[in-house]
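A.B. asks: With the input below, show me the fold.
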Amino acid sequence: MNTQHKRIQSFFAASLSLILGLSLLLVVSCGDKKPAAKPTMGEKIENKIDDALDRRPGEPVLDAIEDASKDAKEVKTAVQEAVKDATK
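C.D. replies: Sure, this is the predicted structure:
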């Protein structure tokens, strides 16, 4: 192999690496964006409507979680009242 052939191979390898690197960077940067940490007012309203109409994804699980949190609040209130009555 002569030196000019080696230079062409080196240039081709460097160019190919650059193109692959830029392509990978482009694919990664154009990927799906993560949703904002805080939902917008429109998203909140949409979630409330979907909740009322039972159209949310995983509705049975979400309803069970909501019921469990309501029950926990009721238990907390009952315990606080019992402690208040016991200390009188």
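A.B. asks: pLDDT below threshold where in the chain?
C.D. replies: 1, 31-36 (pLDDT under 70).
A.B. asks: can you map out the helices along it?
C.D. replies: Applying DSSP state H to the chain gives helices spanning 3-29, 41-52, 59-86.
A.B. asks: Would you reformat those as JSON lines and include mean neighbour count?
C.D. replies: Glycine gets a C-beta too; all of them are placed from N, C-alpha and C. Shown next, in JSON lines, are the helices of the chain (neighbours: other Cβ atoms under 10 Å):
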{"stretch": "helix 3-29", "mean neighbour count": "10"}
{"stretch": "helix 41-52", "mean neighbour count": "11"}
{"stretch": "helix 59-86", "mean neighbour count": "10"}
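A.B. asks: what's the domain layout of the protein?
C.D. replies: Domain segmentation of the chain under automatic domain parsing yields 1-30, 47-88.
A.B. asks: Relative to Lys38, which of those is closest?
C.D. replies: domain 47-88 (12.9 Å; Cβ to Cβ).
A.B. asks: number of nearby residues for Arg55?
C.D. replies: Counted with other Cβ atoms under 10 Å, the neighbours of Arg55 add up to 10.
A.B. asks: Can you tell me the closest non-neighbouring residue to it?
C.D. replies: Ile49 (8.0 Å; Cβ to Cβ, 6 or more residues apart in numbering).
A.B. asks: Can you tell me how far that neighbour is from Ala13?
C.D. replies: Between Ile49 and Ala13 the computed distance is 57 Å (Cβ to Cβ, to the nearest Å).
A.B. asks: Before I go, just wanted to say thanks for your time.
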